[in-house]
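K.L.:
The following comprises the amino acid sequence and a computationally predicted model.
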Amino acid sequence: MNVEEFVELLAPEGQSLLEELRGYDPAEELAAATRLRRTHAAPLVSAALGQARLRQRAAAKFGADAGRMYFTPHGVEQSTRTTVARHRAECFAGLGVRRLADLCCGIGGDAIALARAGIDVLAVDRDPLTCAVVRANADALGLADRIEVRCADVAEVDVSSYDAVFVDPARRGGRGRIFDPEAYSPPLSWAIGTARTARCAALKVAPGIPHEAIPDDAEAEWISDGGDVKEAVLWFGAEQPGFRATLLPGNASLWTARDAMLPDPEPGPVGRYLYEPDGAVIRAHLVAEVAVEVGGRLIDPTIAYVTSDELVPTSYATAYEITDVLPFHVKRLRALLRERGIGTAVIKKRGSAVEPEELRRKLKLAGGGDTVTIFLTRVAGAPSMLLGHPAKA
């Protein structure tokens with residue numbers, strides 16, 4: 001879809017088509033296309049069907065707003081989900097930001113959240129179609145008075161009059177994900193230099209960014225939503241840089257200063273309870289802080305599982321009550337599960353070469369019956385199986 005075709009979607013005929021396709025079944029797309037082309041031009045029908053598909057894909061990120069918004073395929077893939085964008089917008093608002101430059105704004109997910117938080121936003125992108133989509137989204141959601149869209153190269157935009165800057169460099173190219181931060185578009189070094197000129201700034205980076213690539217004057221925040229790590233952000237302007245894990249939707253936040261990070265606790269035997277730290281906690285290298293909170297120890301020096309003899313509630317890890325600690329042995333495990341009438345297994349792995357689906361096939365469980373959680377991991381360096389179930393307070 002090009003800009004001209006997108007503009008046609010915003011005209012009355014295009015809007016009528018989109019309304020007609022609201023809630024359509026993708027399995028019936030051929031029939032819908034054939035029917036609609038009897039009364040509408042084929043390019044407009046194709047554009048409307050494409051937008052209907054994108055809206056359905058975007059619902060997982062944008063909820064009810066997706067039905068009123070506009071998207072590009074790349075925009076859906078790269079956009080920030082509403083829960084994460086809202087969290088970041090609240091952080092900016094809490095810092096007293098009133099005017100912000102959103103560089104590499106994409107289809108406007110962050111700009112929308114920022115505007116809803118009462119912040120005036122300059123949304124910048126160099127792609128004309130993307131800019132047209134952002135404008136349409138601002139109009140559709142009643143935020144046009146707070147979002148100014150500018151089609152330009154972000155490197156040529158003067159941001160000196162803004163309270164804050166947010167940069168979301170492109171981390172995908174023609175061959176997929178880009179892992180070298182200097183291959184981002186724009187490069188991370190440029191984004192860092194721009195961030196340092198603002199009173200406060202945030203740069204969105206890949207969750208797998210190496211800690212050694214994080215500038216000494218930045219606070220690094222890893223954000224998970226519903227247990228899945230979604231992104232990492234480098235914040236500039238913080239009084240004391242550090243590392244943070246933020247868990248949504250509850251907004252639990254674990255932080256430590258750079259010079260106050262705890263050493264890994266000594267490993268020890270598996271106790272009655274096993275704690276599986278949230279992925280954001282692991283990425284932020286804050287597993288030791290969780291171990292201190294629950295009075296625990298590691299099961300292995302290289303594995304991010306914490307164990308203790310007491311159940312201590314924590315927002316930063318999921319607790320399991322362990323019933324068995326066994327050397328890895330498939331036949332022995334299969335016999336034990338059959339003996340106990342286990343029909344369903346949740347299989348997790350950390351530090352094991354065995355794939356959960358491979359083990360599931362070998363176990364040949366019948367389904368139904370009792371459920372067990374199986375951890376494939378290492379204990380004191382030895383391949384092991386831990387059996388248990390979610391702990392009850």
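P.N.:
That came through, no problem.
K.L.:
can we go C-alpha only for contacts and neighbour counts from here?
P.N.:
Fine.
K.L.:
per-residue pLDDT, P265?
P.N.:
On pLDDT, P265 comes in at 88.
K.L.:
My reading is that it lies in a strand. Confirm?
P.N.:
No - applying DSSP: H, G, I helix; E, B strand; the rest coil, one finds P265 to be coil, outside a strand.
K.L.:
Please, where are all the helices along the chain?
P.N.:
Along the chain, counting by DSSP state H, helices occupy 3-10, 12-20, 29-36, 42-62, 73-78, 82-94, 109-116, 128-140, 188-195, 279-283, 287-294, 330-339, 356-363.
K.L.:
Which strands or helices does the fifth one pack on?
P.N.:
Right, helix 73-78. Packed against helix 73-78 by the contact rule (3 or more Cα pairs under 8 Å, 6 or more residues apart in numbering; DSSP states H and E) you find helix 42-62.
K.L.:
Now the helix it packs on: buried residues?
P.N.:
Applying a neighbour-count criterion of 16 or more other Cα atoms under 10 Å, the buried positions in helix 42-62 are 44-59, 61-62.
K.L.:
One more: stretch 335-346?
P.N.:
Neighbour-count burial for stretch 335-346, counted by 16+ other Cα under 10 Å, picks out 337, 342-345.
K.L.:
From the chain's centroid, how far away is it?
P.N.:
Distance, stretch centre to chain centre, for stretch 335-346: 34 Å (Cα atoms, centre = their mean, to the nearest Å).
K.L.:
Residues contacting it, please?
P.N.:
With Cα atoms under 8 Å, 6 or more residues apart in numbering as the test, stretch 335-346 has contacts from 360, 365-374.
K.L.:
one step back: mind listing which of the buried residues of stretch 335-346 are in strands?
P.N.:
342-345 (DSSP state E).
K.L.:
Out of those residues, which is nearest to V290?
P.N.:
V290 lies nearest to A345 out of those, by Cα to Cα, at 26.7 Å.
K.L.:
Not counting sequence-adjacent ones, nearest residue to the closest one?
P.N.:
Using Cα to Cα, 6 or more residues apart in numbering and skipping the chain neighbours, the partner closest in space to A345 is V372 (4.9 Å).
K.L.:
Can you tell me how far the one you found is from P277?
P.N.:
V372 sits 19 Å away from P277, taking Cα to Cα, to the nearest Å as the criterion.
K.L.:
When those two are compared, which one has more neighbours?
P.N.:
Under the neighbour definition other Cα atoms under 10 Å, V372 and P277 were set side by side, and P277 has more, 22 against 18.
K.L.:
ok, the more buried one touching Y316?
P.N.:
Yes - using Cα atoms under 8 Å, P277 is in contact with Y316, at 5.9 Å.
K.L.:
any common contacting residues for those two?
P.N.:
Common neighbours of P277 and Y316, counting by Cα under 8 Å, 6+ apart, are V290.
K.L.:
mind listing what the residue most central in space within the chain touches?
P.N.:
The centre of the chain sits closest to K230, judged by Cα atoms, centre = their mean, with a distance of 1.4 Å. Residues in contact with K230 (Cα under 8 Å, 6+ apart) are 207, 222-224.
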